[in-house]
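*Asks:* pasting the sequence and the predicted coordinates here, then a few questions.
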Amino acid sequence: MSKSPDFDKNDAAATGLSQSTSVPNSMYGRDPYSVPLDEIDVSQADLFYSNTMWGFFDRLRKEEPVHYCASSENGPYWSVTKYKDIMTVEADHVTYSSDKRITVLERKGKLNDTSSFIAMDEPEHGNQRRTVQGVVAPSNLAVLEPIIRERVADILDALPIGETFNWVDKVSIELTTQMLATLFDFPFDQRHKLTYWSDVATTQPGPDGLVETDEEQFAVLFEECLPAFTKLWNERVNAPPSSDLISMLAHGESTRNMQPMEFLGNLMLLIIGGNDTTRNSLSGGVLALNENPDEYQKLRDNLDLIPKMVPEIIRWQTPLTHMARTATKDTELGGKQIKKGDLLVMWYVSGNRDEDEVDQPYSFIIDREKPRHHLSFGFGIHRCMGNRLAEMQIRIAWEEIMKRFSFVEVVGEPVRSHSPFIKGFSELPVKLHAL
């Protein structure tokens, strides 16, 4: 039986977090079993920044798989932590609506006015999703594959051998940003704005975030991101339809009359969706292989394992920790009475470590028998539209990495995202060893 990492109050010493934070009832630095069950709040960003959330989720899965948190920075919510319970919520989009809120993070101020098709129910959700899903159709993926491979090769060939650099910046961000610029037909020389806007949209405003206030967060997105894309929209709507996402939205029957805040919401959805899974799995895979040297050697001995390794990396990393739904009526889940209007948070990061569903969930195993048995892409009508594109990018990246380097060595502590939604990295210092 696999086990979660043992709790150690010094685990996150390198993060720079103080043992006493400004968060009321902070979970940071506390033994998960010392906290009264009804006081546990797993939505605190400090837990994910310090990578010390595992013990709390283990306890909830064992003692109260559907758990009510009455008080948090983002209001009350239910945590759904078991794989099967998460699937139950995902599969029933009538009882559990996406229309009100899709993350535990409470949008405040003007950002609360944005909307996107992932935060819609049927039929609006399906109509808008169908407008853009052609960008990840099998025929288009076949066109994109050689482009991705060429770009991966260029990125890897430009890296220094034997010198320390930040893998997140030089590889993970660079590859995903180039891909985003292609999907949007966004000016290539300005592509890094896409990463910045994605990071601003998903950060939790505060002293540790990219922006300090909700007002600053909204200003970046409304005054920088929206005007840039509105200019592209105006160009595309007056031109013949093409295969980029902005043209699809501008010409789509269900999207061409969007108001600015809905356009901004859909932009954020597409940018974040196209950025975070691939970007953070590319970094997470390097870290996982370093932490599991036997698996790294297994990979060196058999490169045919890469297609199986890719979904295992995505399970292991779980780049989006959760999604949320709102109960449309009184119901029951996991023996708990859920009231109409209650927020339920489906913690994918917990479901992917559920021993009842995943064999040895705390072991990174690159040749799992059923590697796609994970929740990282969600399930049901809201399953990640770009899941095959994400897998393809990561597969190609590792095929090209293994052609060039015997070892991508992690040489320092990773710096993780300060967010309970994005489970990722801002820094991963590495050193490359040539074949």
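*Replies:* Structure received.
*Asks:* for burial, what's the neighbour tally of residue 56?
*Replies:* When counting by other Cβ atoms under 10 Å, one arrives at 26 neighbours for residue 56. Where you see a C-beta, it was placed from the backbone N, CA and C, and this is true even at glycine.
*Asks:* cool, and residue 41?
*Replies:* Neighbours of residue 41 (other Cβ under 10 Å): 24.
*Asks:* I'd say it and residue 69 touch.
*Replies:* Yes - under the criterion of Cβ atoms under 8 Å, residue 41 makes contact with residue 69 at 5.0 Å.
*Asks:* if we ignore the residues flanking it in sequence, what's nearest residue 313?
*Replies:* Spatial nearest neighbour of residue 313, excluding adjacent residues (Cβ to Cβ, 6 or more residues apart in numbering): residue 285 at 4.0 Å.
*Asks:* oops, could you answer that again for residue 394 instead?
*Replies:* residue 310 (4.9 Å).
*Asks:* that older thread, which element, helix or strand, includes the residue nearest to residue 313?
*Replies:* Per DSSP states H and E: residue 285 is located in helix 260-291.
*Asks:* run through who's touching the helix or strand following that helix.
*Replies:* Once the chain leaves helix 260-291, the next helix or strand it forms, by DSSP H and E, is helix 293-301. Applying Cβ atoms under 8 Å, 6 or more residues apart in numbering, the external contacts of helix 293-301 come out as 288-290, 305-306, 309, 364-367, 402, 406-407.
*Asks:* need the contact list for the nearest residue to residue 185 once chain neighbours are set aside.
*Replies:* Setting aside the residues directly before and after it, residue 185 is nearest to residue 244 in space (Cβ to Cβ, 6+ apart), at 3.7 Å. With contact taken as Cβ under 8 Å, 6+ apart, residue 244 is in contact with 135, 183, 184, 185, 236.
*Asks:* any idea how far the residue lying closest to residue 427 once chain neighbours are set aside is from residue 171?
*Replies:* Leaving aside its chain neighbours, residue 427 sits nearest to residue 415 (3.9 Å; criterion: Cβ to Cβ, 6+ apart). According to Cβ to Cβ, to the nearest Å, residue 415 and residue 171 sit 16 Å apart.
*Asks:* compare those two (neighbour count), which wins?
*Replies:* residue 171 (25 against 17).
*Asks:* so which helix or strand takes in the nearest residue to residue 72 once chain neighbours are set aside?
*Replies:* The shortest distance from residue 72 to any non-neighbouring residue, by Cβ to Cβ, 6+ apart, is to residue 41 (4.7 Å). For residue 41, there is no host helix or strand (DSSP H and E).
*Asks:* same check on residue 432?
*Replies:* Per DSSP H and E: strand 429-434 holds residue 432.
*Asks:* each with direction, which strands does that strand pair with?
*Replies:* Using DSSP bridges, the strands paired with strand 429-434 are strand 165-166 (antiparallel), strand 405-410 (antiparallel).
*Asks:* and the strands in the protein?
*Replies:* Along the chain, counting by DSSP state E, strands occupy 66-69, 77-80, 96-97, 165-166, 322-327, 331-333, 336-338, 343-347, 405-410, 415-416, 425-427, 429-434.
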